[in-house]
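In: fold the following for me, if possible:
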Amino acid sequence: MTIAIALIVLVVATVLFHFLSPWWFTPIASNWQTVDSTVDVTFWVTGVVFVAVNLFLAYAIIRYRHRKGNKAHYEPENKKLEWWLTGITSVGIAAMLAPGLSVWANFVTVPEGADVVEVLGQQWAWTYRFPGKDGQLGASDANLISVDNPFGMDPNDPVGQDDHLVASPELHLPIDRPVKILLRAKDVNHQFAVPQFRVKMDMVPGMVTYFWLTPTRTGEFDVLCEQLCGVAHFAMRGRVVVDKQEDFETWLAAQPTFERTLMASKGDAEAGKALFTACTACHGAQGEGNRELNAPKLSGQSDWYLVRQLQSFKGGVRGAHEQDTYAKQMIPFATMLADDTAIKNVVAYIKTLPEVRPAASVVGDPVRGRELYQTCTSCHGAKAQGIWATNAPRLSNMSDWYMARQLRNFRDGIRGGHPQDFHGAQMRSMTQILADDATIADVLDYVRTL
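Out: Here you go, the predicted structure:
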């Protein structure tokens, strides 16, 4: 009887939880209301079966419970019952599958005149590409991907010269316009999903998958990777911003074209030398850093990372938190660099500076730190050399006191909270495994051995 009562309570509690639960789908923001309808059908079919089966089990336990003197009736086969069960099961399966197949057919049948955008997934970030005025995307090849060509575009294809490249996890789309989403993965399997749009699709290296949708309301919506893609899978987040048409066009016009990125200066070290003079007062003539002035070592750091950080200081992405005092000090200095060309010139000069090994200032347990650092290797590399493909800077031979402060800032929410700091937000999530300052010291003491 206890089991029978437990089954009945389970059924009643489950039904009540379903109808009274505050957790349900987010308000839909696209044309795919039929996806919700299909899910509702699945809920009703499986829900009815769940209730019927469990209540029947409870009934059978009560009706045919053991009684002294009763003898069980054994019936090895009942063709009539089997036909009924087969028929009812078939109807239930068809009721769940048929709507889904119909919706899927529409999901991959792109209407004529739809806009096009390409989504690129990599560990652990999103980037996007829009066609130019010709409405066509240029050719691309995974073998062409590099620091200077992260989209792997063919520089010899004239069609792709006017493609707009969005090197940010934030995607903008115009409202009430159908758009075909092309999906490409650089490294491993990913899955592009926007819950508010009710859309998701696998991304497989070497393939281009797709679907389409029409955004139906303005706002900001989450982009998630729903395919386990590595240690930072949970932090592979992005954002879709649905704009009015004129706002979208303004945003798109501000995104650089492939032709413009090809023409962009890689930096002039001679020009950067003069600009770096203002930096030497804090960071040193050789970019060796100065702890007394809270200036970290710059020499030896990845040039792409230095460019991004200077851009973040200029744009207010770094130093946005009121407690990030030292980052705030950098903002006016970064603002002295007039544009991206000036930033690249300074970084080009820093790249010419000799390596100087900074003095150790953080003491921990490197043996324990080695174990903790295993989580970090996926992004920063086994030798802490930094990996461009995962947006992870070099850690080895850099200022340990500065890294300790940044890890504390990430962990405490002082850094990585700005809505445009997508990579900082990832680090903010990852640093939650660092329980205290002693743990941080252990990791950095091991990094120093690399």
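
In: ok, Ala281 - contacts?
Out: Counting by C-beta atoms under 8 Å, 6 or more residues apart in numbering, Ala281 makes contact with Leu293. C-beta here means a position set from N, CA and C on the backbone, and glycine is covered the same way.

In: which SS class is it?
Out: Classification of Ala281 using DSSP: H, G, I helix; E, B strand; the rest coil returns helix.

In: please renumber so the chain begins at 45
Out: Let's use 45 as the start, then, which means that last one is Ala325.

In: how far away is it from Trp432?
Out: As for Ala325, its distance to Trp432 is 30 Å (criterion: C-beta to C-beta, to the nearest Å).

In: Leu439 now?
Out: 14 Å.

In: the more surrounded of those two?
Out: Leu439 (23 against 14; other C-beta atoms under 10 Å).

In: how about that one, what does it touch?
Out: If you count contacts by C-beta under 8 Å, 6+ apart, then Leu439 has 420, 424, 428, 430, 447, 491, 494 around it.

In: list buried residues within those.
Out: Those of the contacts of Leu439 that meet the buried threshold are 420, 424, 428, 430, 447, 491, by 16 or more other C-beta atoms under 10 Å.

In: for the closest residue in space to Asp481 that isn't next to it in sequence, give me phi and psi.
Out: Closest residue to Asp481 apart from its sequence neighbours, by C-beta to C-beta, 6 or more residues apart in numbering: Arg452 at 6.9 Å. For Arg452, the backbone dihedrals are phi -70, psi -40 (criterion: degrees, to the nearest 10).

In: could you check the pLDDT of Arg452?
Out: What the model reports as pLDDT for Arg452 is 94.

In: please apply the same query to Asp206.
Out: pLDDT recorded at Asp206 is 91.

In: which residues of the protein fall in strands?
Out: Using DSSP state E, the strands of the chain run over residues 159-166, 169-174, 208-210, 214-218, 223-229, 234-238, 243-247, 253-257, 263-269, 281-287.

In: nearest to Gly413, out of those strands?
Out: strand 169-174 (26.8 Å; C-beta to C-beta).

In: centre of the chain versus that closest one, how much separation?
Out: 11 Å (C-alpha atoms, centre = their mean, to the nearest Å).

In: quick check: mean pLDDT across that strand?
Out: pLDDT averaged over strand 169-174 gives 95.

In: partner strands of it, parallel or antiparallel?
Out: Applying DSSP bridges, strand 169-174 is found paired with strand 159-166 (antiparallel), strand 208-210 (antiparallel).

In: mind listing what's buried in that strand?
Out: For strand 169-174, the neighbour count (16+ other C-beta under 10 Å) marks 169-174 as buried.

In: who touches stretch 303-312?
Out: 192, 199, 205-206, 209, 300, 347, 384-385, 388-393, 395.

In: out of the residues you listed, which are buried?
Out: Buried members of the contacts of stretch 303-312, scored by 16+ other C-beta under 10 Å, are 199, 205-206, 209, 300, 347, 384, 388-393, 395.

In: quickly name whichever of those residues is closest to Thr483.
Out: Asp347 (30.5 Å).

In: which parts of the stretch 345-494 of the chain are helices?
Out: With DSSP state H, counting those that start in this stretch, the ranges of helices along the stretch 345-494 of the chain come out as 347-359, 369-379, 384-394, 410-417, 421-424, 444-455, 466-474, 481-491.

In: tell me which of the ones you listed sits nearest to Met247.
Out: Minimum separation from Met247 across the helices of the stretch 345-494 of the chain (C-beta to C-beta) falls at helix 466-474, 18.0 Å.
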